[in-house]
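In: kindly return the folded structure for what I paste below:
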Amino acid sequence: MALNAAPLTKGGTMSALPWPTRLDALPLTGQATVDEIDHTLATQPWWRVTLPAALERRFQLDGMANRLTLLQRSGWLALLIFDSFLLVDWLMAHDVFLHSVLIRLCFFTPFGVITLLMARRHQATWVRRQLTEVGDLIVTFSGWLAGACLALILLESHSPLAMYYHAGYLVVIIYGILVQPLGFRWAVMYGLGMLLLHVWSAQAGQAMPEPLRLSLLHLTVCTVGLALAASHMVERARRRRYLLLLREQGMIDQLGAIHQRLQQLSRSDVLTGVANRRHFHEHLQQVWQRAAHERSPVSVLMLDVDHFKAYNDRYGHQAGDACLRQVAQAMAHSLRQPVDVIARYGGEEFVAILPGADAQVARQVAERVRQGVQDGAIEHLGSSVAPVVTASIGVATANPATGGVAAADKLVACADRALYEAKRLSRNCVCFYDAD
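Out: Predicted structure coming up:
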């Protein structure tokens, strides 16, 4: 190993209750969103179901895919139960049983099957287009249609037992409001629609005793009221749990960002923003091991600002700090981005790791760095080299696979020796140490 004492160049000048399981439809906005969630949890009145606009939109989008999946699964079950009421048609409205078969099996069932198949086929499109209320619309319309089918059977039948068949509305009400369940606003419309169907069919159908009419009306009204009360509580609980999950995610994201920032700070030089000495040595070890595996060279460049103490004495420490930042920027611009890594080694010394750079490439990069510092034209009248800030640079290159240098730290020591030689000769120059 020999030190090339002659300078190369001389100087010039970053579902349970809730339907949603994926909390990523809309991005969190940091502390502002967490604060908004906390405010909503603390101040939202008991009677209000929906969240503030942005949070409600996110809740609907996050839960849409699961909502449509629930619609399909419960829809097939509801269709089976709807057709099973043919038994009740036979027992209570035997005179129109054939009509019941036509209505249930030839009209409503094909409609239900087509609707469910379309929902399955177009689910991805509805989610992509963010049609958040499509599930509620399907459930509401199909429920009203099921109620209309029941009303049609009641209007046509003259069986003395048909008047008791109005209790069938309760099953349709419970399905739409609680089994699906519908959003509360849609549940209100659904329940009122079913109540109107019951009232209309009770008035237009065969005459029934007034006590029975009032009893059935009271039973239907109570069923709708209790179902809506349960829907209100479930919807509030669903959104509240969703907000708690969302807040937890937001806090985790914030902690992650803080942790990442602390990691960056622990590996960065506060003054210049480049890597610090600790990170330099960690990264050098990784580069060294990879180079040994790939049998490729590694070069280290070590830079020292010429007469920096004199610069501080003449211009002050604040100007000295600004000078170091500008030197770091000049180095960063002159290195091979993003392959090479620059770090502040201490004081006015900087180092750079050049993976895969042989002696010739390393010399070219070092000269480019030296010229970049000088071209920054930072006034330095206290220097004996030039009236501007200049830098001396030592370079060392080794191939871990050849065994010329046993460890990465030895390569740094070789670069330091080359830097010492550059400062001893005339400064503002590059010296190379042949580590192999």
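In: which SSE is immediately downstream of the lengthiest helix in the chain?
Out: Secondary structure of the chain per DSSP state H: the longest helix is helix 210-267. Counting by DSSP states H and E, the next helix or strand C-terminal to helix 210-267 is helix 277-294.
In: pLDDT on that following helix, on average?
Out: The average pLDDT for helix 277-294 rounds to 91.
In: can you pull the buried residues of that helix?
Out: His279, Phe280, His281, His283, Leu284, Val287, Trp288, Ala291, Ala292 (16 or more other CB atoms under 10 Å). C-betas here are computed from N, CA, C, even on glycine.
In: report the buried residues of stretch 293-313.
Out: Those would be 296-308, 311-312, for stretch 293-313 by 16+ other CB under 10 Å.
In: my bad, should have said stretch 33-48
Out: Thr33, Val34, Glu36, Ile37, Thr40, Gln44.
In: distance check, the last one against Arg57.
Out: Same thing as Gln44. According to CB to CB, to the nearest Å, Gln44 and Arg57 sit 16 Å apart.
In: what about the buried residues of stretch 293-313, which are in strands?
Out: Among those, the ones falling in strands (DSSP state E) are Val298, Ser299, Val300, Leu301, Met302, Leu303, Asp304, Val305.
In: mind showing which ranges of the chain have poor pLDDT?
Out: Counting by pLDDT under 70, the ranges of the chain that qualify are 1-32, 264-265, 403-406, 435-436.
In: redo that, cut-off 50
Out: Within the chain, the set of residues satisfying pLDDT under 50 comprises 1-2, 4-19, 21-30.
In: domains of it?
Out: For the chain, automatic domain parsing gives the domain ranges 31-254, 270-434.
In: which of the buried residues of helix 277-294 sits closest to Ser384?
Out: Nearest to Ser384 among the buried residues of helix 277-294 is Phe280, at 29.9 Å by CB to CB.
In: so the closest one is in contact with Glu349, correct?
Out: No. With contact defined as CB atoms under 8 Å, Phe280 does not reach Glu349; the gap is 11.0 Å.
In: need the ones in strands among the buried residues of stretch 293-313 in JSON lines (columns: distance to Gly75).
Out: Listed next are those as JSON lines, based on distance: CB to CB, whole Å:
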{"residue": "Val298", "distance to Gly75": "65"}
{"residue": "Ser299", "distance to Gly75": "68"}
{"residue": "Val300", "distance to Gly75": "68"}
{"residue": "Leu301", "distance to Gly75": "69"}
{"residue": "Met302", "distance to Gly75": "72"}
{"residue": "Leu303", "distance to Gly75": "71"}
{"residue": "Asp304", "distance to Gly75": "76"}
{"residue": "Val305", "distance to Gly75": "75"}
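In: sticking with Thr397, tell me its helix or strand.
Out: strand 391-398.
In: strand partners of that strand, parallel vs antiparallel please.
Out: Using DSSP bridges, the strands paired with strand 391-398 are strand 298-305 (antiparallel), strand 430-434 (parallel).
In: tell me the angle it makes with helix 277-294.
Out: Interaxial angle, strand 391-398 versus helix 277-294 (axes from the mean of the first three to the mean of the last three CA atoms, to 10 degrees): 30 degrees.
In: how far away is Gly346 from Leu262?
Out: Distance of Gly346 to Leu262, computed by CB to CB: 22 Å.
In: swap in Leu354?
Out: Distance from Leu354 to Leu262, by CB to CB: 29 Å.
In: for these two, indicate the residue with more neighbours.
Out: A count of neighbours by other CB atoms under 10 Å puts Leu354 above the other of Leu354 and Leu262, at 23 against 10.
In: the host helix or strand of the more buried one: partners in the sheet, and parallel or antiparallel?
Out: Secondary structure assignment for Leu354, by DSSP H and E: strand 349-355. If you go by DSSP bridges, strand 349-355 pairs up with strand 298-305 (antiparallel), strand 341-346 (antiparallel).
In: before we move on, back to that, does anything pack onto the longest helix of the chain? Which helices or strands?
Out: helix 31-43, helix 53-84, helix 168-174, helix 184-204, helix 277-294 (3 or more CB pairs under 8 Å, 6 or more residues apart in numbering; DSSP states H and E).
In: save the ones you listed as JSON lines, and put in distance to Ala401 too.
Out: Listed next are those as JSON lines, based on distance: least, CB to CB, whole Å:
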{"stretch": "helix 31-43", "distance to Ala401": "51"}
{"stretch": "helix 53-84", "distance to Ala401": "53"}
{"stretch": "helix 168-174", "distance to Ala401": "76"}
{"stretch": "helix 184-204", "distance to Ala401": "71"}
{"stretch": "helix 277-294", "distance to Ala401": "6"}
